[in-house]
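Student: how would this look folded up:
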Amino acid sequence: MFGGRSIFSKKQWTVRGSYILLLTGCTITAMVLLTITFYFASKHQLKQQNLSSRAEYLEKMQDELAGEIHSRVVKMQTIYTETALTNNMRNRLRDGSNLKKFYWEASDFAESRFDLDDGLQAVYIYDSKDKVVSVYRSSVTAFAADLYEGEDEINAEALKTYVDSDTSELFVSGYYNRVLKDDVIRIVMKLHEYSGVRTQYGYLVCEFDSSVFKNVMQKYITTKDEVVWLQGVGDIPICSAGNEEKGLALFAELSEELQQEDAEKLKSEYGGFYLTESSFDKYNLHTYMLTSKAYLYSTLRVLIQILVGVAIIMTFIASVIGIYLSTLIAKPIEELKGRVVRIAEGEMELRIDTSGWSEELVVLGTEFNNMLDQIQDMIFHQYENQLLMERTEYQALQAQINPHFLYNTLNTMSGIAVSQNCPMVSELCQALSGIFRYSINISDTLATVQEELQHVQNYLYVMDVRHGFIDSYSFDVPGDVLKDLIPRISIQPIVENALNHGLRFVRGREKKLEIVARHKDGELWIEIKDNGVGMDTEEINAALEANQINRIEKGDSIGILNVNARIKMAFGESYGLFYQSAENEGTCVTIRIPIMGEGADFYGDDQVSGVSCG
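Tutor: Sure thing, here's the model as predicted:
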């Protein structure tokens, strides 16, 4: 029916496939977005929960550690009950008393004041000049006789810094004992005289086994991936607990960094670990905990795996539902496609049955049937119009016989008038003959400007003889414009309108008509000017712009609306006639068309901004 290759021969997307793909794709996209959102939200939530719970653990651990330290400090404070020792140490400040007799006092103090569970390993009593007064050592090989004469590994520098400071607070420190291969907790208490001016006359150093402290720390390690340690400000770590290899390596790095910087400058994340910190209310100590992210995210991975499994199941269910729904939707569409193919192949009488279809498809099918009915009506009317056109052309050829007879008769009359010495009658017959000959030449729709002006000249002569509506007229047209082509009989109807509605009513002044033609902005402008009574151009310009064909067809002659319609039909809506007029001054009508001559280009629908008569 429509010829050429079928538009349905190429494999394209179907509604069913598109619907299934859309539903499945949306489900997968939604589940992926849900999984990603859940992952990041859960990751952040787990991090906050971890930091919060670990901070609570550290606070509880600090309370227990503070209790262990306090119980030992209380026993250390009983040194003031050793009056003989403390009095002689006070006197040494004034008279340099000899304290050698008190060398074994530390041993008696350790045995009488401390229990085995306290884990006391060494006691050092120093005077105000850092001289040893008394020493107790549980192992002479593991502990130095004098802390200031021992190796650097016993952290004597931190002790000396504390002793030389003005603080009266306790000092808790520690170090790693190479012999015992374990951490040692060191508690230092300054000894003061409180009578009158407060004066330091010595200090007590007690070193304890770290196992009690480590046991407390171990209680708060919930996974094998955690490391906990105790460290003073600007000091080396006191003791630690935990066996995670990477965590211990990070612990060594951070503890060394903490010796140089404040704990407030630490971050909450380091590589694969979270860091939690808490400070003691006293003792100038901090506790730190490293927790592996891998352990925390193991739960998250399980949840993600469950979510992925749910996503797979949801995708499968969505695909099944999509197949079912697409079948319901696609079945009538496939039926519609089959009917359309058959109609395209020539079965124009076929119509679409919309029974049982959805409302939207019923509308589509009904409108398609209506369109087919309209197409058939258009084909029938086109056939009738073709027959009518053929009859009209035949009648037009017959009609040319009478005008030919008429202008031949006029030529004969002109010859008789010349022979009878009637030159006016002869010229009138020749003018009429030229008008008839130009009017009935329907073989060419275009004429040169020169031919149009000759036709206008004949018309003006006849009208001057009949009515005398005009006193003078002039043509201002360059030679190159005379060869341009314009639609036939375009100027004469405008001249006729100027005579009948403008110059006809002029009184008391010369009646003039001027025709000017120029090339302007790539177009041909022909201006027909008169000095008549003028007119209201608003209505006529509106009618020219509207270009209503039915109004033109009702006319009895070729008028300005007809000329305007033919120009717009041939060259585009931006061309045509444009009126300008002033009351009692005259009217100017401008014809605007593309330049059409030998070698000239033609653009049928250029936009034009406006017209101004010169």
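Student: Contact partners for residue 450?
Tutor: Contacts for residue 450 (Cβ atoms under 8 Å, 6 or more residues apart in numbering) come out as 482-483. Bear in mind the C-beta positions are built from the backbone N, C-alpha and C, glycine included.
Student: Quick check: the gap between it and residue 500.
Tutor: Note on residue 450: its distance to residue 500, by Cβ to Cβ, to the nearest Å, is 25 Å.
Student: What of residue 256?
Tutor: 113 Å.
Student: Please identify which of those two sits among more neighbours.
Tutor: More crowded of residue 256 and residue 500, by other Cβ atoms under 10 Å: residue 500, with 14 against 11.
Student: so which strand or helix has residue 450?
Tutor: Following DSSP states H and E, one finds residue 450 within helix 449-466.
Student: in that helix, what counts as buried?
Tutor: By 16 or more other Cβ atoms under 10 Å, the buried positions in helix 449-466 come out as 449, 451-453, 455-461, 463-464.
Student: How is this structure partitioned into domains?
Tutor: 12-205+299-350, 461-614 (automatic domain parsing).
Student: Mind putting those into JSON lines with distance to residue 240 and mean pLDDT?
Tutor: Shown next, in JSON lines, are those (distance: least, Cβ to Cβ, whole Å; pLDDT from 0 to 100):
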{"stretch": "domain 12-205+299-350", "distance to residue 240": "7", "mean pLDDT": "83"}
{"stretch": "domain 461-614", "distance to residue 240": "86", "mean pLDDT": "81"}
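Student: following the longest helix along the chain, which helix or strand shows up next?
Tutor: Among the segments of the chain that qualify as a helix by DSSP state H, the longest is helix 15-76. For helix 15-76, the following helix or strand on the C-terminal side (DSSP H and E) is helix 83-95.
Student: if we can go back for a sec, in TSV, list the domains of the chain along with distance to residue 368.
Tutor: What follows is the domains of the chain, written out as TSV (distance: least, Cβ to Cβ, whole Å):
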stretch	distance to residue 368
domain 12-205+299-350	8
domain 461-614	30
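Student: and of those domains, who's closest to residue 223?
Tutor: Evaluated over the domains of the chain, closeness to residue 223 peaks at domain 12-205+299-350, with 10.8 Å, by Cβ to Cβ.
Student: Can you tell me the number of residues neighbouring the residue lying closest to residue 462 once chain neighbours are set aside?
Tutor: Leaving out its chain neighbours, the residue that sits closest to residue 462 by Cβ to Cβ, 6 or more residues apart in numbering is residue 431, at 5.1 Å. If you count neighbours by other Cβ under 10 Å, residue 431 ends up with 21.
Student: name the element residue 431 belongs to?
Tutor: Using DSSP H and E, residue 431 falls in helix 423-439.
Student: buried set for that helix?
Tutor: Per 16+ other Cβ under 10 Å, helix 423-439 contains these buried residues: 425-438.
Student: Quick one: list the elements packing against it.
Tutor: Helix 423-439 sits against helix 401-419, helix 449-466, with contacts defined as 3 or more Cβ pairs under 8 Å, 6 or more residues apart in numbering; DSSP states H and E.
Student: Could I get the average pLDDT for that helix?
Tutor: Average pLDDT, helix 423-439: 74.
Student: With stretch 366-386 instead?
Tutor: 76.
Student: Any buried residues in that stretch, and which?
Tutor: Under 16+ other Cβ under 10 Å, the buried positions of stretch 366-386 are 368-369, 372.
Student: Run the chain-centre distance for it.
Tutor: 48 Å (Cα atoms, centre = their mean, to the nearest Å).
Student: bridging residues for residue 190?
Tutor: In this structure, residue 190 bridges to residue 203 when assessed by DSSP bridges.
Student: How many residues are close by it?
Tutor: If we define neighbours as other Cβ under 10 Å, then residue 190 has 19 of them.
Student: quick one: contacts of stretch 169-188?
Tutor: Contacts for stretch 169-188 (Cβ under 8 Å, 6+ apart): 69, 72-73, 76, 121, 139, 141-143, 153-155, 158-159, 162-163, 189, 203-211, 213-214, 230, 232, 235-240, 282-285.
Student: quick one: residue 301 and residue 49, what's the gap?
Tutor: 16 Å.
Student: Next, count neighbours for the residue lying closest to residue 311 once chain neighbours are set aside.
Tutor: Computed as Cβ to Cβ, 6+ apart, the closest residue to residue 311 that is not its neighbour in sequence is residue 31, at 3.6 Å. As a burial measure, residue 31 scores 19 neighbours (other Cβ under 10 Å).
Student: Identify the residues contacting residue 31.
Tutor: Taking Cβ under 8 Å, 6+ apart as the test, what residue 31 contacts is 307, 310-311, 314-315.
Student: List the buried residues of stretch 69-81.
Tutor: Buried, per 16+ other Cβ under 10 Å, within stretch 69-81: 69, 72-73, 75-76, 79.
Student: starting at the chain centroid, how far to that stretch?
Tutor: Worked out by Cα atoms, centre = their mean, stretch 69-81 lies 71 Å from the chain centre.
Student: per-residue confidence at residue 450?
Tutor: For residue 450, pLDDT reads 93.
Student: how close does it sit to residue 470?
Tutor: 21 Å.
Student: And for residue 111?
Tutor: Taking Cβ to Cβ, one finds residue 111 at 150 Å from residue 470.
Student: between those two, which one's more packed in?
Tutor: residue 470 (21 against 11).
Student: list the contacts for that one?
Tutor: If you count contacts by Cβ under 8 Å, 6+ apart, then residue 470 has 460, 463-464, 499, 503, 511-513 around it.
Student: Just send those residues back as CSV, with distance to residue 486 too.
Tutor: Below are the contacts of residue 470 laid out as CSV (distance: Cβ to Cβ, whole Å):
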residue, distance to residue 486
460, 18
463, 21
464, 24
499, 20
503, 23
511, 26
512, 23
513, 18
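Student: right, and out of the residues you listed, which lies closest to residue 527?
Tutor: residue 513 (11.3 Å).
Student: For the residue lying closest to the closest one once chain neighbours are set aside, grab phi and psi.
Tutor: In space, residue 513 comes closest to residue 473 once its chain neighbours are excluded; the distance is 4.0 Å by Cβ to Cβ, 6+ apart. Dihedral pair for residue 473: phi -140, psi 160, per degrees, to the nearest 10.
Student: where does residue 473 sit relative to residue 47, distance-wise?
Tutor: According to Cβ to Cβ, residue 473 and residue 47 sit 98 Å apart.
Student: mind listing the helices for the stretch 501-614 of the chain?
Tutor: 537-546, 549-553, 560-571 (DSSP state H, counting those that start in this stretch).
Student: could I get those helices as TSV with mean neighbour count?
Tutor: As requested, the helices of the stretch 501-614 of the chain are arranged in TSV below (neighbours: other Cβ atoms under 10 Å):
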stretch	mean neighbour count
helix 537-546	14
helix 549-553	11
helix 560-571	20
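Student: May I see the ones you listed organised as a markdown table, with distance to residue 586 added?
Tutor: Formatted as a markdown table, those follow (distance: least, Cβ to Cβ, whole Å):
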| stretch | distance to residue 586 |
| --- | --- |
| helix 537-546 | 12 |
| helix 549-553 | 26 |
| helix 560-571 | 16 |
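Student: among those helices, which is nearest residue 494?
Tutor: Nearest of these to residue 494, taken as Cβ to Cβ: helix 560-571 at 6.0 Å.
Student: Show me which pair in the contacts of residue 470 is furthest apart.
Tutor: Largest pairwise distance in these, by Cβ to Cβ, is 14.5 Å, between 463 and 512.
Student: Before I go, just wanted to say thanks for your time.
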